[in-house]
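Asks: With the sequence up front, the predicted model follows.
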Amino acid sequence: MVAILLCTGLLTAVFGYYKFEDVLSSLVRSRYSFVVFTIKKNIEDRLNLGLALRQLRQIQETIELEKVRDDQILGIEIYDARGEVLFNTDRGGIGVSVPAKWLEPLAQPSSQPFSLMDDDMQLVGLPLVNNLGKVEGAVVLRFPSAFIDRELGPLLSRVAVELLAALGLFSVIALVASYVVLGSVGRRLRAMERTLATVLAEGGDAEPDPTDEGGFESRYAEFVAKTREAVEHIAESTQEVERLDRLA
């Protein structure tokens with residue numbers, strides 16, 4: 001029973017790990033997607049006033065402030081539809097071209113958030129769309145993939161300790177319950193075996209326990225009596241067959 005409990009707990013822990021990791025990853029992406037959405041809304045409000053994307057100089061200060069607020073943010077970049085970086089928390093990256101795969105989400109008709117994997121970091125981004133529905137570019141936020149592992153480790157350790165404690169407690173309760181239940185059954189079976197052996201060897205009737213409230217002892221006494229009668233009939237039949245053989 002303990003082995004079954006351990007196997008069940010192990011399988012539950014494995015499936016729980018991957019599920020928990022998926023949920024945590026989604027939460028982290030959602031958190032940074034909100035930061036990206038805030039920047040996107042700020043930029044699009046200005047685009048709708050007729051300003052060009054590269055003219056929004058104050059956006060540089062906005063993204064630098066967002067990076068300072070969270071030390072897990074590796075960088076925030078804003079690039080146009082051609083892939084040229086216009087604003088970057090790392091000012092040395094302004095003017096360079098983004099990888100081709102960063103432009104693929106801009107070709108989609110939807111303005112939903114997108115996420116990308118790039119070496120040891122992850123990206124979440126949103127297209128920048130003006131009031132005419134034209135895609136002007138995108139804003140992306142980079143954060144380390146290891147961040148999820150660092151967050152996941154302590155949480156999983158705490159969950160594992162609590163799971164093992166609960167499993168150990170449940171195992172102890174199960175063992176005690178099994179001992180109580182099976183011990184009572186075992187004692188009753190041994191008593192039944194002794195009673196049956198005594199009745200068959202010495203004859204007489206099985207005496208039921210007068211304190212038995214469930215009627216089990218009485219029914220067992222009836223069973224023993226019928227068993228004894230059957231054994232006696234078999235013995236008499238055997239003797240009769242042997243007598244007939246001798247007469248033949």
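Replies: Sure thing, it's come through.
Asks: switch to C-alpha atoms for all contacts and neighbour counts from now on
Replies: Noted.
Asks: Please tell me I have it right and V140 contacts F37.
Replies: No: contact criterion CA atoms under 8 Å: V140 and F37 do not qualify, at 9.8 Å.
Asks: quick one: which of those two has more around it?
Replies: V140 (27 against 18; other CA atoms under 10 Å).
Asks: Identify the bridge partners of the residue nearest to S145 when sequence neighbours are not counted.
Replies: Using CA to CA, 6 or more residues apart in numbering and skipping the chain neighbours, the partner closest in space to S145 is M121 (4.7 Å). Per DSSP bridges, the residues bridged to M121 are D118, P144.
Asks: Which neighbours do V140 and F37 have in common?
Replies: Residues touching both V140 and F37 (CA atoms under 8 Å, 6 or more residues apart in numbering): L126.
Asks: hmm, back to that, residues in contact with the residue nearest to S145?
Replies: If you count contacts by CA under 8 Å, 6+ apart, then M121 has R142, F143, P144, S145, A146 around it.
Asks: Who are the contact partners of the third one?
Replies: It stands for P144. Q72, I73, L74, D120, M121, Q122 are the contacts of P144 under CA under 8 Å, 6+ apart.
Asks: Quick one: the strands in the protein, in order.
Replies: Taking DSSP state E as the criterion, the chain carries its strands at 75-80, 85-88, 114-118, 121-129, 135-144.
Asks: could you dump those strands to CSV with distance to L103 and mean pLDDT?
Replies: Shown next, in CSV, are the strands of the chain (distance: least, CA to CA, whole Å; pLDDT from 0 to 100):
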stretch, distance to L103, mean pLDDT
strand 75-80, 9, 94
strand 85-88, 12, 95
strand 114-118, 11, 82
strand 121-129, 10, 90
strand 135-144, 9, 91
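Asks: so can I have TSV of the ones you listed showing distance to E236?
Replies: Compiled in TSV, the strands of the chain are given as follows (distance: least, CA to CA, whole Å):
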stretch	distance to E236
strand 75-80	100
strand 85-88	106
strand 114-118	89
strand 121-129	90
strand 135-144	91
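Asks: Show me where this structure has its helices.
Replies: In the chain, the segments counted as helices under DSSP state H are 2-47, 58-69, 146-202, 216-247.
Asks: rank these by mean pLDDT and give me the bottom one.
Replies: Mean pLDDT is lowest for helix 146-202 among those, at a mean of 68.
Asks: what about T238, neighbour count?
Replies: Neighbour count of T238, defined by other CA under 10 Å: 11.
Asks: ok, now how distant is it from L247?
Replies: 14 Å (CA to CA, to the nearest Å).
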